[in-house]
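J.: Sequence and predicted structure, then a few things I'm wondering about:
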Amino acid sequence: MIFRKISILAAALVLTASLARVLRAQDEIEHLSPFANGAGRTYAITSRGLDAVGLNPSLLALGTPRPFEITLAPISSLGLNAGPSLSQINSISQGLQASGLSSTDTTTNGLTKGDSTRESIANLLSNNNLSSTIDARIFGMSYSNPTFGAVALTWTMHAALRASIPSGLLDYIGVGALARLGQGDSLLPQQPNVQGIWYSEYTLSYARTILGTPGSGEDQLLAGIGVKYLAGIAAIQMDPSSEFFVNYPRSTIARGGEHSVGVNYRVYSAYPNLFNFTHLPSSFSTSLITNATAGTGFGADLGLTWGTYDSTGNSPWQVALSVTDIGSIRWDQNASVRQVDTIIAASNSQGNKDTLNAQLKALGGTLDTTIGSFTTALPTTLHLAGALDLSAIGLSLGSSKLEAAAEFALGLTNTVGSPNHGRFGLAVLFEQPGNFAFHTALGFTTQDGITDLTAALGFGIANRILVDAGTSGLTALFSRTGHTDAVFGLKVLL
């Protein structure tokens, strides 16, 4: 009977994921807790040990089977949530001049119709295909005991890119753009959301039980805080009020074959003096690790967890609240803003790509390198989570543990790396304790009307070595979308 109930629950999760309209990369910076990532992204309740840093530091107070926990690159925690176009990021940064992406005319019956560069850009940016994150824990060490609490020191690196371009804009500038402009087709004002951030994070975290007796099985309130120094590597940020339009309103269309093209944008950027635009991180590689900085800042993480934990850290129920990545980075090296606010009359009477490009040159705006600095907020996120030991409702598997966990996360800033429109995740977790411990999870997440399955798998050897892997894009792994979501972690206990 119990296995039948579990099978029905698993089938329901699969059915929910099958209702997804489209899969696309998400850009949240939360990829250093492999098991929680695959357990419905329930970071604030299912993360343990070093994996809780930056997500819910109060969970550090639950400790680990041994006092010390250590991770060190290259065998550490790595996370990748990559859109299909991330592999072309270095070609894009060079103006799409790599092999196969260079600008060439496309013609039909000897008439120029467009150029492959513009069409390649439209294709690479469609469906949020470039939005991605890469995260790595370079170093981590924690110490815990019931009396003192727990302290952790970590060095992590994060890179996130959001390229949310309205499909109407991409459709207009794609194949047939010259014909649409020449025919006077209108494009209503479009507002892209383009942001990128790349930084190192050095975090000191502390947690302890502030109410109740640790491991007593009675009510306990755990509290944790993390303070962090931030070394910004590079940033790009388009002002959210920026907009693009063509022949809008139609009364602005000039006579004599001229058509109006309007733009109003401000794009801020910063990068260190020693910066290589041909080696941007596009996968799991050492290109993510650099000591170059273009800005600095400070931040904090706060967390509270309530449960009735026993001496092994188990509780029949638990609830958690955390607010992470509170703070900002001030960018002051090679800081600049490119901006323009204009409407021009573009003639397409010759039907020639070069003529059109010359007329539209004014849309490139002006570059101001004298701004000194600008500031970006961190991707501040609120996490509300809870978990229930299913044995409390009659679902038990002997010495094994069966648990359900859920989390709602909401971005409190509009910075890339934050779930701005909210995210909900739910998962069922199975754990078999012992000298060779094993745990797994199956869940789903829903965000912006998009749903996908998640899965996690992990094992421990003699309470010395802990290995976890997870994905919050299980459906994509078995599709041909080119979307990759995978997180891996290895920790050593001493």
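T.: Cool, got the structure.
J.: can you give me the strands in the stretch 351-494 of the chain?
T.: In the stretch 351-494 of the chain, the segments counted as strands under DSSP state E, counting those that start in this stretch are 366-368, 374-377, 381-389, 401-411, 423-432, 436-447, 450-461, 465-471, 484-493.
J.: For the last one, what does the pLDDT average out to?
T.: The one in question is strand 484-493. Averaging pLDDT along strand 484-493 gives 90.
J.: C-alpha coordinates for it, CSV please?
T.: Output of strand 484-493 as CSV, limited to C-alpha atoms (Å, rounded to 0.1, in the frame of the first residue of the first chain):
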residue,chain,number,x,y,z
THR,A,484,21.8,22.3,-19.2
ASP,A,485,21.1,22.3,-15.5
ALA,A,486,23.5,20.4,-13.3
VAL,A,487,25.0,20.8,-9.8
PHE,A,488,27.7,18.6,-8.3
GLY,A,489,29.3,18.7,-4.8
LEU,A,490,31.8,16.8,-2.8
LYS,A,491,32.6,17.4,0.9
VAL,A,492,35.0,15.8,3.4
LEU,A,493,34.3,15.4,7.1
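J.: which secondary structure elements does that strand contact?
T.: Under the contact criterion of 3 or more C-beta pairs under 8 Å, 6 or more residues apart in numbering; DSSP states H and E, strand 484-493 touches helix 34-38, strand 68-82, strand 465-471, helix 474-477. Using the backbone N, CA and C atoms, a C-beta is placed for each residue, glycine as well.
J.: Show me how far stretch 81-89 is from its chain's centre.
T.: 13 Å (C-alpha atoms, centre = their mean, to the nearest Å).
J.: before we move on, the earlier item: would TSV of the helices and strands packed on strand 484-493 with mean pLDDT and mean neighbour count be doable?
T.: Formatted as TSV, these follow (pLDDT from 0 to 100; neighbours: other C-beta atoms under 10 Å):
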stretch	mean pLDDT	mean neighbour count
helix 34-38	95	31
strand 68-82	84	20
strand 465-471	94	21
helix 474-477	80	20
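J.: Can you add distance to residue 54 and give those back as TSV?
T.: Output for those, formatted as TSV (distance: least, C-beta to C-beta, whole Å):
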stretch	distance to residue 54
helix 34-38	12
strand 68-82	11
strand 465-471	16
helix 474-477	24
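J.: any low-confidence regions in the stretch 1-150 of the chain?
T.: Low-confidence segments of the stretch 1-150 of the chain, defined by pLDDT under 70: 1-27, 29, 74-75, 90-119.
J.: hey, where'd the strands end up in it?
T.: Going by DSSP E, counting those that start in this stretch, the stretch 1-150 of the chain shows strands at 68-82, 105-108, 111-115, 132-145, 149-164.
J.: sorry, back to before: could I get the strands of the stretch 351-494 of the chain as CSV with distance to residue 290?
T.: Shown next, in CSV, are the strands of the stretch 351-494 of the chain (distance: least, C-beta to C-beta, whole Å):
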stretch, distance to residue 290
strand 366-368, 24
strand 374-377, 18
strand 381-389, 25
strand 401-411, 26
strand 423-432, 30
strand 436-447, 31
strand 450-461, 30
strand 465-471, 26
strand 484-493, 21
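J.: what about these, which gets the closest to residue 56?
T.: In terms of C-beta to C-beta, the element of the strands of the stretch 351-494 of the chain nearest to residue 56 is strand 381-389, at 6.5 Å.
J.: okay, now residue 249: neighbour count?
T.: Around residue 249 there are 10 other residues, counting by other C-beta atoms under 10 Å.
J.: returning to that earlier point: determine which of the helices and strands packed on strand 484-493 approaches residue 394 most closely.
T.: The closest of the helices and strands packed on strand 484-493 to residue 394 is helix 34-38. By C-beta to C-beta, the value is 25.6 Å.
J.: wait, what's in contact with the residue nearest to residue 55 when sequence neighbours are not counted?
T.: Distances taken as C-beta to C-beta, 6 or more residues apart in numbering place residue 43 nearest to residue 55, at 4.2 Å, with adjacent residues excluded. Residue 43 makes contact with 30, 33, 36, 37, 55, 56, 383, 385, 407, 409 under the criterion C-beta atoms under 8 Å, 6 or more residues apart in numbering.
J.: Tell me the pLDDT of the residue nearest to residue 219 when sequence neighbours are not counted.
T.: Sequence neighbours aside, residue 212 is the residue nearest to residue 219 in space, at 5.2 Å (criterion: C-beta to C-beta, 6+ apart). Note for residue 212: predicted pLDDT of 96.
J.: ok, now which ones touch residue 212?
T.: Residue 212 neighbours (C-beta under 8 Å, 6+ apart): 218, 219, 220, 221.
J.: gap between residue 470 and residue 486?
T.: Distance of residue 470 to residue 486, given as C-beta to C-beta, to the nearest Å: 8 Å.
J.: Same question for residue 193.
T.: Remark: distance between residue 193 and residue 486 (C-beta to C-beta) = 25 Å.
J.: And for residue 320?
T.: To residue 486, residue 320 is 25 Å away according to C-beta to C-beta.
J.: what does residue 280 give?
T.: Per C-beta to C-beta, residue 280 is found 20 Å from residue 486.
J.: again, but for residue 291
T.: Using C-beta to C-beta, residue 291 is found at 26 Å from residue 486.
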